[in-house]
Structures are given as C-alpha cells and as structure tokens.
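Q: predicted model and sequence below, questions to follow.
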Amino acid sequence: CGSAVKFTHSESGNKYFLNSANQNMGSGSGQQLVTMIANKGKQDSLWLLREGHGQPQCAPGDPLECGQRIRLTHLNTMKNLHTHHVRSPLSRQQEVSGFGEDGEGDTGDDWIIVCGSGAKTLKRSTKFRVQHADTKRYLSATEQVKFTEQNCGGNCPILHHLEVAARSSPDRNTEFKVELGVHLSK
C-alpha cells in the first residue's frame, strides 16, 4: 500500500502502460481519459495504490492481499480509476475513466485484486487482474482496440493509445503486471 507504480498490459507484451492525463473524454461520461500508452517514461503512467472507499487506511508498505478492495489514484491529477454503466467509445464495453477530487470519490473507484492461483499478495512482475467492486467487470485493453485517425481524427491527442475498458469476463486482455515505480515494503 502507498506505492506509486506503473501497470503494464500482458496481452500487448508489457509494452503498454496504464495512463491518464488532465484531459476529459469528448463523449460518454465526459470524465478524465484513461488509456494505455507505449511510453514507459511518461509521468502520466504513475498510479498510487490505496485502500478502497470507506476501508481502513492502509499503512505505507503493507502488502496488498489478493481479494483486497483498493483504489488506484492517478498521481498527477489525483483522480481515481473509475468505471460505471456508460459504454466505452470504441469497443462498447464499460467506460473506464478518472473520477473524484484529490483522491476522494465514491464506490465506483473500488477495484478488487484478483491474483493467479496460489498467490496471497500482489507482487511485482506477477500477472494479476483487477475486478470492479460494484459492476464485477474486469479492467481490460487490447492492441485490437486503439485510437486511430479514422476513429479519433487527425489531431487526436490520444492517437495510437489503446482504449481501456471494463469487460464482463476475465481473459488475456484483462491481465496486468506492476512493473515500474516506487515500491514500498515493510
């Protein structure tokens, strides 16, 4: 808990990173954009691992347990990774956005850590999934659903980013790893 990390996407060969910026969607909820980007050096890819909404505060360095309810707060904008019953712009799955102010939001910001078989805690470089606590959908992305000039326009600020959505069932598009960042441990 308390680590600031970057999430890589397994299906893409770990070359895309969960990303956000102080820019809102032009459709759907109009909330802050969340995408996957192929630039691991971007500061917009750092996410703070925190306790879930209404959960007891976790101490920095405490390991995150499989099944634990967490929030992922975007470090630069302090918006939480969020989903709700709004369709995503490209795949028509469930939209994923940045929501809240200064890390405070609602239960739509809560995700549950789903680890592989036998794992008890979230570990760096180990595949895991995050499942939305309210809607039971899984965070996902795929190289097959990317923002292009055809679907986003010639001056698209997120050209070549992958769409991030929440999908109903776990598959290879829903696997992530914690790759880079400041990892706190006790």
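A: That came through fine.
Q: mind checking how far Gln23 is from Ala141?
A: According to Cβ to Cβ, to the nearest Å, Gln23 stands 18 Å off from Ala141. The C-beta positions use only the backbone N, C-alpha and C, and glycine is treated the same way.
Q: which one of those two has more residues nearby?
A: Ala141 (28 against 14; other Cβ atoms under 10 Å).
Q: gap between the more buried one and Gly154?
A: 23 Å.
Q: which residues in the protein form helices?
A: Under the criterion DSSP state H, the chain contains helices at 149-152.
Q: may I ask which helix or strand of it has the lowest mean pLDDT?
A: Taking mean pLDDT, DSSP states H and E as the measure, the helices and strands of the chain show their lowest mean at strand 176-182, namely a mean of 83.
Q: pull out the buried residues from that one.
A: 176-181 (16 or more other Cβ atoms under 10 Å).
Q: residues touching stretch 3-12, excluding its own?
A: 14-18, 36, 40, 45-49, 75, 127, 141-143, 162, 172-173, 175-184 (Cβ atoms under 8 Å, 6 or more residues apart in numbering).
Q: other SSEs contacting the least confident helix or strand of the chain?
A: strand 4-9, strand 128-132 (3 or more Cβ pairs under 8 Å, 6 or more residues apart in numbering; DSSP states H and E).
Q: with distance to Gly103 and mean neighbour count as added columns, please give those in CSV.
A: CSV is the format used below for the helices and strands packed on strand 176-182 (distance: least, Cβ to Cβ, whole Å; neighbours: other Cβ atoms under 10 Å):
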stretch, distance to Gly103, mean neighbour count
strand 4-9, 12, 22
strand 128-132, 17, 20
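Q: go through these and find the least confident stretch.
A: Mean pLDDT is lowest for strand 4-9 among these, at a mean of 92.
Q: do a quick rundown of the strands in this protein.
A: Assigned by DSSP state E, the chain shows strands spanning 4-9, 17-24, 32-37, 47-51, 69-74, 80-87, 94-99, 111-115, 128-132, 138-140, 162-163, 165-167, 176-182.
Q: state the distance from the nearest residue to Cys58 once chain neighbours are set aside to Thr107.
A: In space, Cys58 comes closest to Cys1 once its chain neighbours are excluded; the distance is 3.5 Å by Cβ to Cβ, 6 or more residues apart in numbering. For Cys1, the distance to Thr107 equals 19 Å [Cβ to Cβ].
Q: more neighbours, these two?
A: The neighbour comparison of Cys1 against Thr107 (other Cβ under 10 Å) goes to Cys1, with 20 against 14.
Q: pretty sure the more buried one contacts Pro60?
A: Yes. Using Cβ atoms under 8 Å, Cys1 is in contact with Pro60, at 6.2 Å.
Q: which intervals of the chain have sub-threshold pLDDT?
A: 183-186 (pLDDT under 70).
Q: farthest residue from the center of it?
A: Most distant residue from the mean C-alpha position of the chain: Gly154, 26.2 Å away (Cα atoms, centre = their mean).
Q: please consider this matter closed, and thank you.
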